[in-house]
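Colleague: Sequence first, then the predicted structure, then my questions.
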Amino acid sequence: MNKFTIKACPLCGGTHIERALTCVDHYASGEMFHLCRCQDCGFLFTQDFPVEAEIGRYYETPDYISHSDTKKGAMNSVYHWVRNYMLGRKARLVAHEAHRKEGRLLDIGTGTGYFADTMQRRGWLVEAVEKNAGARAFAKEHFNLDVKPDTALKDFAPGSFDVITLWHVMEHLESLNEMWQTLNSLLTDKGVLIIAVPNSSSFDAKKYGAYWAAYDVPRHLWHFTPGTIQQFGSKHGFIMAERHPMPFDAFYVSMLTEKHMRHSCTFLRGMITGTLAWLSSLVKKERSSSMIYVFRKKPIR
């Protein structure tokens with residue numbers, strides 16, 4: 001297997017890198033991967049992950065829900081219930097942050113197309129891209145969405161979109177800095193960038209340590225905190241305007257973590273930890289299992 005070894009931090013360029021955790025791929029391979037942290041800026045990332053040409057096999061499992069849409073098992077039933085609730089919340093968030101009820105929207109990593117379909121039915125002109133061919137086929141069959149492969153990003157003209165969304169996608173992208181540059185180029189000057197990612201400084205991440213399911217190695221390459229993703233935005237010409245917690249994610253992630261730890265009563269244990277995480281996020285939203293970040297482009301001086 002060809003691996004991508006990071007020798008300099010993609011955030012600050014520092015070379016003082018230390019090993020922080022060792023995590024297991026519980027989905028596809030059973031392999032171990034190391035998480036490393038930049039000692040200069042604190043950014044956490046998966047080290048020695050498979051190169052882009054080879055990482056596809058780590059997604060080839062019927063349990064990978066964002067591509068397969070499986071409803072098998074209690075945990076995936078919870079996922080579907082939460083997703084249906086969140087679709088409405090995401091649509092309202094987009095309208096609120098963009099100060100408009102319709103416009104041009106790009107959804108990157110659209111998966112099986114639920115969000116893109118929701119926004120299109122609400123009057124938005126939607127473009128959607130997705131790397132996985134099976135997920136694109138699902139979106140076409142169920143929603144009649146013509147989802148483009150991720151290579152289509154280079155075909156859009158600068159300033160094409162009022163809103164760009166990445167729902168739990170940024171952590172998967174090998175070319176991280178290049179993607180941030182692309183996002184800045186594709187947005188209008190007053191456009192809005194909305195990114196949701198797991199929060200590696202969350203209550204449940206700290207509780208579970210290396211077992212935390214949202215580390216999801218090697219599919220998740222980057223492990224953001226509110227601080228590090230704000231730094232990435234600033235580096236590429238963005239200002240973070242808002243942060244919103246995603247407290248429901250803690251329930252699903254905690255249930256999945258309990259399953260990985262081979263505990264009994266995984267549903268109940270996950271519900272208990274999810275409840276504690278939710279209460280913790282009410283006190284301080286930066287403890288939420290996942291966060292939604294709203295970025296706007298820095299004004300040109």
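Modeller: Structure received. In this text the structure is predicted, and so the values were computed from the model without any measurement. Residues are numbered from 1 along each chain as shown.
Colleague: okay, CA-based contacts and neighbour counts for the rest of this
Modeller: OK.
Colleague: Please name every helix or strand in contact with the longest strand along the chain.
Modeller: Looking across the chain with DSSP state E, the single longest strand is strand 187-198. Under the contact definition 3 or more C-alpha pairs under 8 Å, 6 or more residues apart in numbering; DSSP states H and E, strand 187-198 sits against helix 74-98, strand 161-167, strand 290-297.
Colleague: nearest to residue 25, of these?
Modeller: Proximity to residue 25, assessed across those by C-alpha to C-alpha, is greatest for helix 74-98 (18.2 Å).
Colleague: For the stretch 101-250 of the chain, which segments count as helices?
Modeller: Taking DSSP state H, counting those that start in this stretch, the helices of the stretch 101-250 of the chain run over residues 114-121, 133-143, 176-186, 203-208, 226-235, 249-260.
Colleague: who does the fifth one touch, helix- and strand-wise?
Modeller: With contacts defined as 3+ C-alpha pairs under 8 Å, 6+ apart, the secondary structure elements packing on helix 226-235 are strand 238-245.
Colleague: What's the mean pLDDT across the strand it packs on?
Modeller: Mean pLDDT, computed over strand 238-245, is 96.
Colleague: Touching that strand from outside, list them.
Modeller: 184, 230, 233-234, 281, 285-286, 288-298 (C-alpha atoms under 8 Å, 6 or more residues apart in numbering).
Colleague: Weed out the non-buried ones from those.
Modeller: 184, 230, 233, 281, 285-286, 288-298 (16 or more other C-alpha atoms under 10 Å).
Colleague: Pull the number of nearby residues for residue 107.
Modeller: 23 (other C-alpha atoms under 10 Å).
Colleague: ah, wrong one, I meant residue 30
Modeller: The tally of other residues near residue 30 (other C-alpha under 10 Å) stands at 11.
Colleague: With the one 10 residues further on instead?
Modeller: Using other C-alpha under 10 Å, residue 40 has 14 other residues around it.
Colleague: For the closest residue to it other than its chain neighbours, give its distance to residue 211.
Modeller: In this structure, residue 40 finds its nearest non-sequential neighbour in residue 14, 6.2 Å apart by C-alpha to C-alpha, 6 or more residues apart in numbering. For residue 14, the distance to residue 211 (C-alpha to C-alpha, to the nearest Å) stands at 27 Å.
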